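# from the sequence below, what's the structure:
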Amino acid sequence: MSFVLVQVIVGGLLLGAVYALFSSGLTLVWGMMNIVNFAHGDFVMLGMYVAYVVYTLMGGGPILGAPLATLVLATLGVVVYFALIRGIMKGPMLAQILGTFGLALLLRYSVFWWFGANFLSMPPNIVGGTYAFAGLRIEASRLLAGVVALLVTLGLHLLLTRTSLGSKMLAVAEDQTAAQLMGIRPDTMQAIAWAIAAGATGLAGALIANFFYIVPTVGETLGIVAFVTVSLGGFGSVPGALVAGLLIGVIESLSGYLIGAIYKDIVVYVLFLFFLWFRPQGLMGKM
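The predicted structure is shown next:
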């Protein structure tokens, strides 16, 4: 295997880790409330713009931009839950779909109004240069994004499975009435879930902004990636989102290298549909 091919695979794994990070938030919300957030990709887009604003106003890189984007989006997640989600959860599925889709349009066109439609980007050396290791050359920005995203996604899984907070959130997901009888407040746990999910998108957006184009419509692309990742990994499964994100990142990179960048999305979606034909519940989902 040539060094170029290995480098392509490594790059795909690093990008896939970021996909897994922001997709884990989508699968968390679905697992907790059975709600599909169509504004999820636009949350990532907002995280990218927060990082860009931090850089332009303060000259700060990801060390400052990533925590601020996480905090801003986590706060937005709580606001969205209490202002919108808690109400539409009582209605039919169509109300949930249209509500989150309308939220996506509101966020997207608000950014259009404030920043315009021009493509923006961060300086290529904002994180550092390029690292050379064993013949491989990896951009510092991609390495930082991939490593941080992988660690945070694993941390989220541990939070849900090894902590008291995670047990309470899973209890609410299983049976809200029983959880209330045990002294757990479903509203609080669901608001925390939205804060975590939105915070993950903010962090992912701030990380990916260092090497990805920034434009209001980027949320559409990243939202589709999130849905494919969650569907492939299995709705409600954070480990499934992690594995699926890494797979999609590698498949995208290999397709772009071997066939052409214009065809990489086609390859991903064809393989995705082919897989779901045989296993509709995804890699780690339940029937």
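# okay, CA-based contacts and neighbour counts for the rest of this
Fine.
# how much space is there between A209 and V225?
16 Å (Cα to Cα, to the nearest Å).
# need the helices for the stretch 1-150 of the chain, in chain order.
3-33, 40-58, 62-80, 86-88, 93-115, 140-162 (DSSP state H, counting those that start in this stretch).
# who's more crowded, A209 and V225?
A side-by-side neighbour count of A209 and V225, using other Cα atoms under 10 Å, places A209 first with 27 against 23.
# thought the more buried one was touching F119?
No. With contact defined as Cα atoms under 8 Å, A209 does not reach F119; the gap is 11.7 Å.
# what packs against the least confident helix or strand in the chain by mean pLDDT?
In the chain, no helix or strand scores lower on mean pLDDT, DSSP states H and E than strand 130-133, which sits at a mean of 75. For strand 130-133, the contact count by 3 or more Cα pairs under 8 Å, 6 or more residues apart in numbering; DSSP states H and E identifies strand 136-139 as packing neighbours.
# so for the strand it packs on, what's the average pLDDT?
What strand 136-139 shows for mean pLDDT is 81.
# and what of stretch 173-182?
86.
# just the buried residues of it, please?
By 16 or more other Cα atoms under 10 Å, the buried positions in stretch 173-182 come out as 173, 176, 179.
# who touches that stretch?
Residues outside stretch 173-182 that contact it (Cα atoms under 8 Å, 6 or more residues apart in numbering): 31-33, 168, 171-172, 185-186.
# stretch 263-278 too?
By Cα under 8 Å, 6+ apart, stretch 263-278 touches 228, 232, 248, 251-253, 255-256, 282.
# change it to 7 Å
232, 248, 251-252, 255-256, 282 (Cα atoms under 7 Å, 6 or more residues apart in numbering).
# any chance of a markdown table for those, columns secondary structure?
Formatted as a markdown table, the contacts of stretch 263-278 follow (DSSP: H, G, I helix; E, B strand; the rest coil):
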| residue | secondary structure |
| --- | --- |
| L232 | helix |
| I248 | helix |
| I251 | helix |
| E252 | helix |
| S255 | helix |
| G256 | helix |
| G282 | coil |
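# so which one among the residues you listed has the lowest pLDDT?
G282 (80).
# ok, that one - how many residues close by?
Counted with other Cα under 10 Å, G282 comes out at 24.
# kindly report the same for A83.
Residues within reach of A83, counting by other Cα under 10 Å, total 11.
# go on, D42?
28.
# skipping its backbone neighbours, what lies nearest it in space?
G219 (4.2 Å; Cα to Cα, 6 or more residues apart in numbering).
# any idea how far the one you found is from A178?
37 Å.
# need the residues that contact the least confident helix or strand of the chain.
Contacts for strand 130-133 (Cα under 7 Å, 6+ apart): 137-140.
# now stretch 7-24
By Cα under 7 Å, 6+ apart, stretch 7-24 touches 136, 142-143, 145-146, 149-150, 153, 200-201, 204, 226, 229-230, 238, 241-242, 245-250, 252-254.
# next one: stretch 208-226
So stretch 208-226 is contacted by 19, 22-23, 40-42, 44-45, 48, 108, 111-112, 117-122, 124, 141, 145 (Cα under 7 Å, 6+ apart).
# give me the buried subset of those residues.
Buried among the contacts of stretch 208-226 (16+ other Cα under 10 Å): 19, 22-23, 40-42, 44-45, 48, 108, 111, 120-122, 141, 145.
# can you pick out the most distant pair from the residues you listed?
Within those, R108 and S141 form the most distant pair, 25.6 Å apart (Cα to Cα).
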